[in-house]
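**Q** Sequence and predicted structure are below.
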Amino acid sequence: MTADTIIAGDIRINARWLIPIEPEAVVLEHQAVIIQGSRIAAVVSQEEADRKYRTRETVDLPNHVAMPGLINMHGHAAMSLFRGLADDLPLMTWLNDHIWPAEGAFVSEQFIADGTQLAMAEMIRTGTTTFSDMYFFPEIAAQSAHDTGMRAQISFPLLDFPTVWGSGPDEYLSKGEALIKHWAQDDYVMPAIGPHAPYTVSDDPLRRSVQLSKDTGAPIQIHLHETAFEVQDAEEKLGQRPVARMSELGVLDTNTQCVHMTQINDSDLKAVMDSGAHVIHCPESNLKLASGFSPTQKLLDAGVNVAIGTDGAASNNDLDMFGELRTAAMVAKVVADDAAAVSAHQALRMATLNGARAMGREQDLGSLTAGKLADVIAIDLSDPFLQPVYDPASHLVYSNHGRAVSHSWIHGVPQLQEGRLTRIDVADLMLRVQDWQARIRHNKS
Ligand SMILES: CSC[C@H]1O[C@@H](n2cnc3c(O)ncnc32)[C@H](O)[C@@H]1O
Ligand SMILES: [Zn+2]
């Protein structure tokens, strides 16, 4: 018998349980994840790791589950500074009477820098390693994500009317093109195109978005069929449902992420299915704004890729993806009238691999697989609220709330160690957040 060759690595994570997500929905025991640089070199039994690998550092996680970092596929990160500002309202009243006026008054480059950092602190603390953002001053959000070392899809906003970020479609598109060019090769930032919604973007800028997506490969993310009002209003004014209009304009495509989709008739389902577009399900925002329910299991059964997002903290009102998963799994059962709809393993897959697939990054992200980027989290199951343990996957979805996340590595770099953020100065951030709170509360910019 020949001795095993010893392979060098940077970090070895020894986990009591491990959920790789692929190739199958399993919980493995006593596994080791070997990280070399920014990538996963191997996922092997601890015995095999002892024989084959020598690493600079070993992290022992004896009561923990290791899994791929969560991918929050939709949000408006800096809106964390508007958390709790306007509650208990339906979407259009919330936007027209509260949020859009507040954005006009307060959103600036510094607001985006501070609000995005607040959002990243919450997301990393609760297990998210990649987030998708659609908000103003995307160049500032991109720089914040890059500087912190958090992975982010950053969509530039596109609307028919002027906002704090520009005068209209021409300016948004030219700034957006520059954003795509600047960040195209970055390790952390994935630029994208964010036409806000069918009711705020007319046909011409939508066509130009499609062309830009085809020219650059950047995905499109759009709010679509969020409420019954959106669909009825479009039918009355344009004689067409928004999904049919998006289909005609070429917006529905394999590189497009449709956010919300609470209103789906048979022809909508067929259009989404045939196009290969992805659906981003944000159940808590849909519940809070009373927008409706997306039929998750029906979409999955039809072969549609469904990923999960929190939406912004002003309509959720947190960015905890584990909480979102619990809601997604629970709501799916009622909507399908089937307790077997969206199992714990399916929910975990939606929040990881399906998110990676929606961004076209399945080769690199979304599972603990040798060769993929080392975005890894660990959840400590030793707290009373997670005991006893029969099935760790069940606990992650049905009992956990993000507060048990103890460790996170993004791109092989530690971001959370024993529950403490390593790359964000929380005390300093809190001072800036308190300053914003005072300014917003007293309504002065
Ligand atoms: C163009 S930047 C994003 C824009 O979207 C607003 N927004 C936040 N949440 C929602 C939602 O659920 N539906 C539609 N629009 C939303 C946000 O306030 C920005 O103005
Ligand atoms: Zn949104």
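**A** The structure has been received and is ready for your questions. Residues are numbered from 1 along each chain as shown. Ligands and ions are numbered 1, 2, ... in the order given.
**Q** and the closest residue to ligand 1 within the stretch 51-200 of the chain, helix, strand or coil?
**A** Closest to ligand 1 within the stretch 51-200 of the chain is Pro157: 3.2 Å, counting by CB to the nearest ligand atom. Glycine gets a C-beta too; all of them are placed from N, C-alpha and C. Following DSSP: H, G, I helix; E, B strand; the rest coil, the label given to Pro157 is strand.
**Q** so how far is Ser394 from it?
**A** 39 Å (CB to CB, to the nearest Å).
**Q** of the two, who's got more company?
**A** Ranked by neighbour count (other CB atoms under 10 Å), Pro157 and Ser394 place Pro157 first, with 24 against 15.
**Q** hang on, the more buried one packs against Asp133?
**A** No - the criterion here is CB atoms under 8 Å, and Pro157 misses it with Asp133 at 10.0 Å.
**Q** Pull the number of nearby residues for the closest residue to the residue of the stretch 51-200 of the chain closest to ligand 1 other than its chain neighbours.
**A** Excluding its sequence neighbours, the residue lying closest to Pro157 (CB to CB, 6 or more residues apart in numbering) is Gly194, at 5.1 Å. By other CB under 10 Å, 30 other residues sit near Gly194.
**Q** what residues are up against Gly194?
**A** Met134, Pro138, Ser155, Phe156, Pro157, Leu158, Ile220, Gln221, Ile222 (CB atoms under 8 Å, 6 or more residues apart in numbering).
**Q** I'd say the third one and Phe131 touch.
**A** No - using CB under 8 Å, Ser155 is not in contact with Phe131, being 11.2 Å away.
**Q** how near is the residue of the stretch 51-200 of the chain closest to ligand 1 to Pro169?
**A** Using CB to CB, one obtains 11 Å as the distance from Pro157 to Pro169.
**Q** And Asn354, by the same measure?
**A** From Asn354 across to Pro169, the span is 31 Å (CB to CB).
**Q** more crowded one of the two?
**A** More neighbours surround Asn354 than the other of Asn354 and Pro169, with 26 against 21 (other CB under 10 Å).
**Q** What sits closest to that one if chain neighbours are left out?
**A** Residue nearest to Asn354 in three dimensions, not counting chain neighbours: Ala307, with 4.3 Å by CB to CB, 6+ apart.
**Q** doesn't that neighbour fall inside a strand?
**A** Yes - assessed by three-state DSSP, Ala307 belongs to a strand.
**Q** In contact with it, which residues?
**A** Contacts for Ala307 (CB under 8 Å, 6+ apart) come out as 71, 73, 257, 278-281, 350-351, 354-355, 357-358.
**Q** Same question for Asp391.
**A** By CB under 8 Å, 6+ apart, the neighbours of Asp391 are Val27, Ala344.
**Q** okay, it: pLDDT?
**A** Per-residue pLDDT puts Asp391 at 98.
**Q** can you pull out the strands in the stretch 101-250 of the chain?
**A** Secondary structure of the stretch 101-250 of the chain by DSSP state E, counting those that start in this stretch: the strands cover 128-134, 151-158, 189-195, 220-224.
**Q** For His182, find the nearest of those.
**A** Smallest distance to His182 across the strands of the stretch 101-250 of the chain (CB to CB): 7.7 Å, for strand 189-195.
**Q** Quick check: Ile99 is in a strand.
**A** No - assessed with three-state DSSP, Ile99 is helix; it does not lie in a strand.
**Q** List the contacts of it.
**A** Ile99 is in contact with Met79, Phe82, Leu85, Ala86, Ala314, counting by CB under 8 Å, 6+ apart.
**Q** got the contact list for the first one?
**A** Contacts here follow CB under 8 Å, 6+ apart; on that basis Met79 touches Ile99, Gly115, Ala119, Tyr135, Gly312, Ala313, Ala314, Ser315.
**Q** 7 Å instead, please
**A** Counting by CB atoms under 7 Å, 6 or more residues apart in numbering, Met79 touches Gly115, Gly312, Ala313, Ala314.
**Q** so how far is Phe131 from the second one?
**A** Meaning Gly312. Taking CB to CB, one finds Gly312 at 11 Å from Phe131.
**Q** Which stretches in the stretch 201-350 of the chain count as helices?
**A** Counting by DSSP state H, counting those that start in this stretch, the stretch 201-350 of the chain has helices at residues 203-216, 228-238, 242-249, 266-275, 283-288, 296-301, 321-336, 344-350.
**Q** Export those helices as CSV, with columns for mean neighbour count, mean pLDDT and distance to Met123.
**A** Below are the helices of the stretch 201-350 of the chain laid out as CSV (neighbours: other CB atoms under 10 Å; pLDDT from 0 to 100; distance: least, CB to CB, whole Å):
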stretch, mean neighbour count, mean pLDDT, distance to Met123
helix 203-216, 17, 98, 26
helix 228-238, 15, 98, 28
helix 242-249, 21, 98, 29
helix 266-275, 16, 98, 27
helix 283-288, 22, 98, 14
helix 296-301, 19, 98, 22
helix 321-336, 21, 98, 8
helix 344-350, 23, 98, 17
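**Q** Which one of those lies nearest to Asn400?
**A** Comparing the helices of the stretch 201-350 of the chain by CB to CB, helix 321-336 comes nearest, at 4.9 Å.
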